[in-house]
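Visitor: Give me coordinates for this.
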Amino acid sequence: MKIINLKAENVKKLIAVDITPEGNTVVISGKNGAGKTSVLDSIFWALAGTKNIQDKPIREGEEKAFIRLDLGKIIVERKFTDKGTYLSVSTQEGAKFSNPQEVIDKLIGAITFDPLEFGSMDSKTQYQTIRSLSNIDYDIEEAEALNKTDYDERQFVNRKVKELTAQIEGIKFPEETPDELVNISEISSNIEKANTAAFNLDREKQKLGNFRTEVANIDNEILELEGKLAGLKTRKENGENSIKSQEDVVKKKEKECFSPEMVAEWKSELGTAGIINANVEKKKQRSAKLAEVKTETEKSDKYTQNIEDRKKAAQDALEKAKLPIKGLQLTEGEVYFKGIPFAQCSTAEQLRISTSIAMASNPELRVIRIKEGSLLDEDGMKIIREMA
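Guide: Prediction:
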């Protein structure tokens, strides 16, 4: 359907208007305040329902107003009085429909879509406008909010991974560092035992030397004092017995002593144990940091996967959506046409796309309203006329 004739009386600034379009484009022109907008509003108010009508639709000084739209198959009439507004829809033969607004609502589609106004919107508003015209069964806004949360969390985790990696690089130790700490206490105890055993051996050897010296002195006395031989033999026998006994003690203490090589090895181990243990601690720190990096990296990967899954779900929903025209895309909160952001299309191309959207949004009643038509240049008007 198209508008075949418009009649309006006392609507806003209008006294009366009667327009029968010739061709597919009607330009409403005139000076400021002449009533151009009133003509456009007359069409809109007749079709779009009472919620879109302004508070004072009747011209100042008048008591009633009237709009009549002949759409070919049906005729739409809206009357205004001080008591309210009344709508009727009838056939050309005069038969009236019982639910007039329902009849019109099935015809008009998105008559509020203004191609010129759409081109001047910011990208976010354009995106929301196309969304409202499309059948999308996926909550893209919620997905984008969740993506933002995961993106922020991923940034935090990635910063932590970077810090941990830097800390790991700062922990240096030899590759041959063992996994467990050297038991310094045990080595020190072994050295102390070795020192004690050596001290005891020296003390017993000193005693042995004293006994031997005494026996030697006795031998000298025997040589010098044969007269005292009997007594000295007794003392000698006692001394020899003591020597034998003490030799057994010395041998026993010798068995208890550690080899000098073993003591030297323990001392060497003690000298390096502190360094080794410090490196073991560093190795454990590094292993802990590596484990933490793995955990945090897995978290980051999970956030990334969540974001990608939601993006794919949103993209799948948008691909399944019935967008107004072929080539139109909704991607990450912006309108694209054939892969190019709408804002980057030429002015002429933007006008063609916007007008195509408006045409596709009005499949039954072929009416497009452009409120600020005076902003169109000659080329723009040519495009509108060609497409109409």
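
Visitor: going forward, measure contacts and count neighbours with C-alpha atoms only.
Guide: Noted.

Visitor: Just to check, I184 is in contact with T272?
Guide: No: taking C-alpha atoms under 8 Å as the definition, I184 is not a contact partner of T272, at 9.8 Å.

Visitor: quick one: which of the two has more around it?
Guide: Between I184 and T272, counted using other C-alpha atoms under 10 Å, the more crowded position is I184 (17 against 13).

Visitor: check contacts around the more buried one.
Guide: By C-alpha atoms under 8 Å, 6 or more residues apart in numbering, the contact list for I184 reads L270, A273, G274.

Visitor: any idea which element the first one lies in?
Guide: When elements are assigned from DSSP states H and E, L270 belongs to helix 260-320.

Visitor: helices or strands next to that helix in the packing?
Guide: Secondary structure elements in contact with helix 260-320, counted by 3 or more C-alpha pairs under 8 Å, 6 or more residues apart in numbering; DSSP states H and E, are helix 140-170, helix 184-224, strand 328-331.

Visitor: residues in contact with G380?
Guide: A348, L351.

Visitor: how many other residues sit next to G33?
Guide: By the criterion of other C-alpha under 10 Å, G33 has 10 neighbours.

Visitor: State the distance from it to V39.
Guide: 12 Å (C-alpha to C-alpha, to the nearest Å).

Visitor: swap in S29?
Guide: Distance from S29 to V39, counting by C-alpha to C-alpha: 10 Å.

Visitor: Among the two, which residue is more densely surrounded?
Guide: The residue with more neighbours, out of S29 and V39, is V39; 24 against 12, by other C-alpha under 10 Å.

Visitor: quick one: contacts of the host helix or strand of the more buried one?
Guide: Under the criterion of DSSP H and E, V39 resides in helix 36-48. Helix 36-48 is contacted from outside by 6, 8, 11-14, 17, 28-30, 52-53, 67-69, 76-78, 87, 101, 104-105, 108, 111, 369, 371, using C-alpha under 8 Å, 6+ apart.

Visitor: Next, check the residues you listed against the helices and list the overlap.
Guide: Q101, I104, D105, I108 (DSSP state H).

Visitor: Please, a ChimeraX command that selects the buried ones among the residues you listed?
Guide: Filtering these down to the buried ones (16 or more other C-alpha atoms under 10 Å) takes a single ChimeraX command:
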select :101,104,108
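
Visitor: JSON lines for the ones in helices among the contacts of helix 36-48, including pLDDT?
Guide: Output for the ones in helices among the contacts of helix 36-48, formatted as JSON lines (pLDDT from 0 to 100):
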{"residue": "Q101", "pLDDT": "87"}
{"residue": "I104", "pLDDT": "83"}
{"residue": "D105", "pLDDT": "81"}
{"residue": "I108", "pLDDT": "74"}
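
Visitor: Now do the contacts for N52.
Guide: The neighbours of N52, taking C-alpha under 8 Å, 6+ apart as the test, are W45.

Visitor: mind starting the numbering at 56 from now?
Guide: Okay, using 56 as the starting number, the last item reads as N107.

Visitor: which non-adjacent residue is nearest P233?
Guide: The shortest distance from P233 to any non-neighbouring residue, by C-alpha to C-alpha, 6 or more residues apart in numbering, is to V335 (6.2 Å).

Visitor: The one you found: how many residues sit nearby?
Guide: 21.

Visitor: Show the pLDDT at it.
Guide: Looking at V335, its pLDDT reads 90.

Visitor: Tell me the one among the contacts of I239 nearest to K215.
Guide: Distance to K215, by C-alpha to C-alpha, is smallest for G329 among the contacts of I239, at 31.5 Å.

Visitor: Distance of that closest one relative to M317?
Guide: Note on G329: its distance to M317, by C-alpha to C-alpha, is 19 Å.

Visitor: ok, F313 touching A249?
Guide: Yes: F313 lies in contact with A249 (C-alpha under 8 Å); the separation is 5.8 Å.

Visitor: Looking at those two, which has the bigger crowd around it?
Guide: A249 (20 against 16).

Visitor: How about the contacts made by the closest residue to Q222 other than its chain neighbours?
Guide: Using C-alpha to C-alpha, 6+ apart and skipping the chain neighbours, the partner closest in space to Q222 is K344 (8.0 Å). K344 makes contacts with L219, T220, Q222, I223, as judged by C-alpha under 8 Å, 6+ apart.

Visitor: Please apply the same query to P170.
Guide: Neighbouring residues of P170 by C-alpha under 8 Å, 6+ apart: L406, S409, T410, I412, A413, I425.

Visitor: Apply 6 Å and report the result again.
Guide: Residues in contact with P170 (C-alpha atoms under 6 Å, 6 or more residues apart in numbering) are S409, T410.

Visitor: How far off centre is stretch 201-220?
Guide: Distance of stretch 201-220 from its chain centroid, counting by C-alpha atoms, centre = their mean, to the nearest Å, is 7 Å.

Visitor: Tell me which two of the ones in helices among the contacts of helix 91-103 sit farthest apart.
Guide: Longest span within those, C-alpha to C-alpha: Q156 and I163, 10.5 Å.

Visitor: quick one on the thing from earlier: for the residue nearest to P233, give its distance to I226.
Guide: Per C-alpha to C-alpha, V335 is found 11 Å from I226.
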